[in-house]
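Visitor: here are the coordinates; sequence isn't available:
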């Protein structure tokens, strides 16, 4: 009977030591899977890295408050920053960042950024129209 009690105590000790390890490995695997899915969908990975694009938050340019600093555009009053500091506009995904392009042949160009061979980069954009019956609206990246 004494041998059985010692054997059970040893099993409990082994399980007590192995169980947290199993939970840790499962948790790390789950986080890696989640990060891989977010990266494949071009979604941000807030814990693993920040924005690489300069002025990704579209902070206004002090010299031209209706445009994002460091961003280039063709302006015929057709490109306008829609930012919380402007207290107007729209926001599709809840991140408080948007540029509105009105008119024909307007464009916005991101700030230049260094890239490295063998790495992947994502940039997301959406184009909306308020008059779909009058023609297509598109975005080109």
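Guide: Sure, I can see it. Every value quoted in this text rests on a predicted model; they were computed, and no experiment measured them.

Visitor: which stretches of this structure form strands?
Guide: 72-73, 79-82, 98-101, 108-109 (DSSP state E).

Visitor: for these, which one sits closest to residue 30?
Guide: Ranking the strands of the chain by their distance to residue 30 (criterion: C-beta to C-beta) puts strand 98-101 first, at 33.1 Å. (Glycine included, C-beta is placed from N, CA and C.)

Visitor: Dead centre of the protein: give me the residue that sits there.
Guide: The residue lying closest to the centre of the chain (C-alpha atoms, centre = their mean) is residue 44, at 2.6 Å.

Visitor: That one contacts residue 35, correct?
Guide: No. Residue 44 is beyond contact range of residue 35, at 10.7 Å (criterion: C-beta atoms under 8 Å).

Visitor: Residue 39 against residue 32, yeah?
Guide: No. The pair residue 39 and residue 32 fails to qualify as a contact (C-beta under 8 Å) at a distance of 10.5 Å.

Visitor: How many neighbouring residues does residue 112 have?
Guide: By other C-beta atoms under 10 Å, the residues close to residue 112 number 10.
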